[in-house]
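Participant: here are the coordinates; sequence isn't available:
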C-alpha cells in the first residue's frame with residue numbers, strides 16, 4: 001500500500017463527492033500519493049466542478065490533477081487513465097440513488113473489476129473506516145506459490161489500511177465440508193480440516209499480528225461466508241482476491257466473487273494475481289484487443305504501457 005504513488009479517483013458530478021474524497025484523502029495522507037481526479041465525461045462540461053474540487057484539495061495540502069475524458073465507455077475511460085497515469089489504485093464510488101435499492105454492481109463496474117490491472121476500491125457504504133474492522137478474505141487451502149503471493153497481498157493491504165484507519169484486522173478462510181470418501185484423512189473430519197487451515201494461516205498471523213480470536217476459519221462456501229462474517233463483524237472494508245480462470249480469455253472474476261461483491265455491505269478492495277495483472281496490461285496496450293468480451297475488441301488507448309506501482 002505504501003508504494004502507491006498515484007491514486008485514480010473516479011468522480012461523478014451526479015453524486016456527492018464527500019465520501020469518495022474522504023477515502024482518497026485517508027489513503028493519500030498515509031501513502032503520500034498524488035490524487036488524479038477523473039470524470040468520465042463526453043463533453044468536458046464540468047470544468048468548474050473539477051476545478052473547485054481540485055482547489056479545495058490543494059488548499060488542504062494534497063497533490064492533485066484533474067482530467068475529463070471519454071473512451072467509449074466508463075470502464076475503458078478509467079483503465080486508459082489508470083495506465084496513462086501509472087496509478088497503483090483506482091477508487092470508485094458505488095451507491096444507489098435510492099437507499100432502499102441494494103447496491104448491486106453495474107455491468108460497467110464488473111468490466112472495470114475484470115479488466116483493470118491495478119487494485120480497485122469500490123466504495124459501497126457511508127460508514128467511516130476509522131476504528132472499524134477490516135476483513136481480509138483468503139483461500140488458505142490454495143497454498144501454491146501464486147496463491148500465497150496473492151494471499152500475502154490481500155492480508156498486507158488489509159493490515160496497512162487497518163493501521164492507517166486505527167482499525168482491527170481480521171482474517172477469514174472458508175474451508176470445504178468434510179468428506180468421508182476423501183483420499184486424505186485430514187479432509188474426513190471438520191476438526192482436522194480446521195486445524196490444517198489454521199496451521200496454513202500461522203505465517204500470516206505472525207507477520208501481520210492477527211490473534212487467534214481474529215482468525216475466522218469457517219465451513220461452507222466462500223460466497224456465503226465472506227458477506228456473513230463481514231456483516232457479523234460490521235466490517236468497514238473487505239479485501240478479496242479475484243478468481244483467475246484457466247485460459248485468460250475468460251472472465252477474470254468468477255461467479256463466487258460476483259455473489260460476494262453484490263452481497264457485501266462493506267466497502268471492498270479487489271486485488272489480482274501478478275500473472276493476471278501482466279495479461280491485463282497487455283490487453284490495455286494500444287496494439288492489443290481482447291477476445292474476452294466483444295465490447296472490448298478495440299482499446300483506443302494512446303499512452304505508455306508501464307506497470308503501475310502497487
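Facilitator: Received it, and whenever you're ready, just let me know what you need. Bear in mind that the values here come from a model prediction, so they are computed numbers and not experimental data.
Participant: Can you get me the start-to-end distance on stretch 3-21?
Facilitator: Using Cα to Cα, to the nearest Å, the end-to-end distance of stretch 3-21 comes to 20 Å.
Participant: cool, stretch 26-44 as well?
Facilitator: 28 Å.
Participant: now do stretch 13-21
Facilitator: Criterion Cα to Cα; first-to-last residue distance in stretch 13-21 is 13 Å.
Participant: Give me the contacts around that stretch.
Facilitator: For stretch 13-21, contacts defined as Cβ atoms under 8 Å, 6 or more residues apart in numbering pick out 9-11, 39, 46, 49, 53, 57, 91-93, 95, 123, 126. For glycine as for every other residue, the C-beta is placed from the backbone atoms N, C-alpha and C.
Participant: which pair in those residues spans the largest distance?
Facilitator: Spatial extent of the contacts of stretch 13-21 (Cβ to Cβ) is set by the pair 46 and 126 at 23.2 Å.
Participant: More neighbours: the two, which one.
Facilitator: More crowded of residue 46 and residue 126, by other Cβ atoms under 10 Å: residue 46, with 17 against 12.
Participant: got the contact list for the closest residue in space to residue 132 that isn't next to it in sequence?
Facilitator: Closest residue to residue 132 apart from its sequence neighbours, by Cβ to Cβ, 6 or more residues apart in numbering: residue 236 at 3.3 Å. The neighbourhood of residue 236, defined by Cβ under 8 Å, 6+ apart, consists of 125, 127-129, 132-134, 165, 167, 266-267.
Participant: one step back: could you find the lowest-pLDDT member of the contacts of stretch 13-21?
Facilitator: Among the contacts of stretch 13-21, residue 95 carries the weakest pLDDT, at 72.
Participant: so which helix or strand takes in it?
Facilitator: When elements are defined using DSSP states H and E, residue 95 is found to belong to no helix and no strand.
Participant: For it, grab the count of nearby residues.
Facilitator: When neighbours are defined as other Cβ under 10 Å, residue 95 has 17 of them.
Participant: Could you check how far it is from residue 72?
Facilitator: Distance check for residue 95 against residue 72: by Cβ to Cβ, to the nearest Å, it reads 25 Å.
Participant: again with residue 223
Facilitator: Distance, residue 223 to residue 72, by Cβ to Cβ: 32 Å.
Participant: Give the residue from those two that has the larger number of neighbours.
Facilitator: Between residue 223 and residue 72, counted using other Cβ under 10 Å, residue 223 has the larger neighbour count: 19 against 14.
Participant: Tell me the confidence at the more buried one?
Facilitator: Looking at residue 223, its pLDDT stands at 88.
Participant: Which strand or helix spans the residue lying closest to it once chain neighbours are set aside?
Facilitator: Distances taken as Cβ to Cβ, 6+ apart place residue 259 nearest to residue 223, at 4.0 Å, with adjacent residues excluded. Counting by DSSP H and E, the element that carries residue 259 is helix 255-263.
Participant: Tell me the first helix or strand C-terminal of that helix.
Facilitator: Helices and strands here follow DSSP H and E; after helix 255-263, the next one along the chain is strand 267-271.
Participant: who does that next one pair up with?
Facilitator: Sheet pairing of strand 267-271 (DSSP bridges) gives strand 120-123 (antiparallel), strand 237-241 (parallel).
Participant: Between those strands, which one is closest to residue 199.
Facilitator: Nearest to residue 199 among the strands paired with strand 267-271 is strand 237-241 (20.6 Å), distances taken as Cβ to Cβ.
Participant: Looking at the strands paired with strand 267-271, spot the one closest to residue 138.
Facilitator: Here strand 237-241 is closest among those (Cβ to Cβ), at 7.2 Å.
Participant: and the helix or strand hosting residue 151, how far out from the chain's middle?
Facilitator: Element membership for residue 151, per DSSP H and E: helix 145-164. Counting by Cα atoms, centre = their mean, to the nearest Å, helix 145-164 is centred 11 Å from the centre of its parent chain.
Participant: Could you list the buried residues of that helix?
Facilitator: 147-148, 150-151, 153-162, 164 (16 or more other Cβ atoms under 10 Å).
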